[in-house]
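Q: Please work out how this folds:
(one chain, ligands or ions: 2)
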Amino acid sequence: MTDPTLAIQIEGLSKTYKTGFWLAPKVTQALKNLSLDVREKEAFGLLGLNGAGKTTTIKIMLGFLSPTSGAVKILNGRISDQNIRQQIGYLSELPYFSRQHTGRELLEYFGSLHNFSGKDLRYKVDEVLELVRMTKAANEKVSGYSKGMLQRIGIGQALIGNPKLLICDEPMSGLDPVGYKEMRDIFIDLKKRGTTLFLNTHIMDEVERVCDRIGILHGGELKKVALVSNILRSSVEVDYWVDVDPQDAPKFIGMPFQATVAEKGGFHIRGNELPETLATLNQKNIKTKGIRALSSVMEAYFLKTIGAQAMVPGRG
Ligand SMILES: Nc1ncnc2c1ncn2[C@@H]1O[C@H](COP(=O)(O)OP(=O)(O)OP(=O)(O)O)[C@@H](O)[C@H]1O
Ligand SMILES: [Mg+2]
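A: Numbers count the residues shown, from 1 in each chain. Ligands and ions are numbered 1, 2, ... in the order given. Below is the predicted model of the structure:
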């Protein structure tokens, strides 16, 4: 069905990888009957653990892989159509660029592939460099770029053809907090310009700030699709870590976390048990030194959806 308000329509997508050889064949069902729509101008995040099937989904969307069954419609056409491909920008999981060129030269090259030349090309390259915060480093060689700069030039390359739809596979992975924030701001700018975004990620903070909607992929199955605003407003249980004075351990006798308090000076508690536990500590005259959430609401929602528990720092 054609619906101009949809940028991506995925229907009943399955992918089985067959590897190994005849004596020891190995079959991996990477995607199981995945159906999903992404609206125009929407920022959609596909979340999943390693091996969930995120990259497989993107590769099928882009036509790099053919599905075992199912179909994808992208910008209301087929990815095999050159006209459709021209309107899509893509940042791969591990982008590779020739390192002896400058960032500007790379973007000029990719711009020329999109039929820009002369003044138009220079104008476009400057605009994209500005957008990806690479104007200053534009004339430096790629070989000297940090991981964050490489990712930003990667986004620049994906943006040079004015894509309607930008698809990024793990755009934040491996970035330091500064690189991470810059990347997030770039996405927020792109959203304002009306670019449809499709991101694969396992970084929850990114999702909260950038995406309108998310899908949770687990073991090749789409477990949930939800609006980020609804998730943030929902009453998902977040776990907490309560810091106390280890000297107070004897006062914890009869409480389940006495050993952890003695060993680590604090304990892990579920959100619904927090008020009552704090009241008990108060009664026993035990002072808390700090309380921190062990995960964001988004992370808790993700973990709950895939049926896993939050990692507790320092706990074996
Ligand atoms: N070319 C391939 N041949 C065989 N199996 C593959 C191939 N590519 C992916 N797989 C398998 O398919 C499943 C999904 O992989 P995929 O790369 O799509 O996951 P992902 O969600 O992108 O993971 P990551 O977060 O690690 O990038 C995994 O079990 C993976 O081992
Ligand atoms: Mg991947």
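Q: which residues does residue 213 contact?
A: Listed by C-beta atoms under 8 Å, 6 or more residues apart in numbering, the contact set of residue 213 reads 38, 42, 43, 44, 45, 225, 226, 227, 228. (C-beta placed from N, C-alpha, C; glycine too.)
Q: among those, which are in helices?
A: With helices taken from DSSP state H, the overlap with those comprises residue 228.
Q: got a markdown table for the contacts of residue 213, with pLDDT, neighbour count and distance to ligand 1 too?
A: A markdown table is the format used below for the contacts of residue 213 (pLDDT from 0 to 100; neighbours: other C-beta atoms under 10 Å; distance: C-beta to the nearest ligand atom, whole Å):
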| residue | pLDDT | neighbour count | distance to ligand 1 |
| --- | --- | --- | --- |
| 38 | 97 | 25 | 17 |
| 42 | 96 | 18 | 21 |
| 43 | 96 | 24 | 19 |
| 44 | 97 | 24 | 15 |
| 45 | 96 | 25 | 13 |
| 225 | 97 | 15 | 16 |
| 226 | 96 | 14 | 19 |
| 227 | 96 | 12 | 22 |
| 228 | 94 | 21 | 20 |
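Q: quick one: low-confidence parts of the chain?
A: Of all residues in the chain, those with pLDDT under 70 make up the ranges 1, 309-316.
Q: how about the strands of it, start to end?
A: Counting by DSSP state E, the chain has these strands, from start to end: 6-21, 24-39, 43-47, 69-74, 88-91, 165-169, 196-201, 213-218, 221-227, 239-244, 266-270, 288-293.
Q: Compute the number of surrounding residues for the nearest residue to residue 91 once chain neighbours are set aside.
A: In space, residue 91 comes closest to residue 168 once its chain neighbours are excluded; the distance is 4.3 Å by C-beta to C-beta, 6 or more residues apart in numbering. Counted by other C-beta atoms under 10 Å, the residues lying close to residue 168 total 25.
Q: Kindly report the same for residue 140.
A: Applying other C-beta under 10 Å, we find 14 other residues in the vicinity of residue 140.
Q: show me what contacts the closest residue to it other than its chain neighbours?
A: Counting by C-beta to C-beta, 6+ apart, residue 102 is the residue found nearest to residue 140 once chain neighbours are left out, at 6.1 Å. Under the criterion of C-beta under 8 Å, 6+ apart, the neighbours of residue 102 are 138, 139, 140, 141, 142.
Q: hmm, 10 Å instead?
A: Residue 102 makes contacts with 108, 137, 138, 139, 140, 141, 142, 143, 144, 145, 153, as judged by C-beta atoms under 10 Å, 6 or more residues apart in numbering.
Q: circling back to that earlier point, give me whichever of the strands of the chain is most buried.
A: With neighbours taken as mean count of other C-beta atoms under 10 Å, these reach their highest mean count in strand 43-47, at a mean of 26.
Q: I'd assumed residue 142 was in contact with residue 101.
A: Yes: under the criterion of C-beta atoms under 10 Å, residue 101 makes contact with residue 142 at 5.9 Å.
Q: neighbour count winner among those two?
A: When residue 101 and residue 142 are compared for neighbours, residue 142 comes out ahead with 18 against 15, by other C-beta under 10 Å.
Q: Show the backbone phi and psi for the residue nearest to the more buried one when sequence neighbours are not counted.
A: Spatially, and ignoring its direct neighbours in sequence, residue 142 is nearest to residue 99 (4.8 Å; C-beta to C-beta, 6+ apart). Residue 99 has phi and psi values of phi -90, psi -10 when expressed as degrees, to the nearest 10.
Q: How much space separates residue 99 from residue 224?
A: The gap separating residue 99 from residue 224 is 41 Å, by C-beta to C-beta, to the nearest Å.
Q: got it, and residue 214?
A: Residue 214 sits 8 Å away from residue 224, going by C-beta to C-beta.
Q: Around ligand 2, pick out the residues from this structure.
A: The chain comes close to ligand 2 at residues 54, 55, as judged by C-beta under 5 Å from the ion.
Q: give the contact list for the residue in the stretch 201-316 of the chain that ligand 1 sits nearest to.
A: Ranked by C-beta to the nearest ligand atom, the top residue of the stretch 201-316 of the chain for proximity to ligand 1 is residue 202, at 5.9 Å. Listed by C-beta under 10 Å, 6+ apart, the contact partners of residue 202 are 46, 47, 48, 49, 50, 52, 54, 170, 172, 173, 302.
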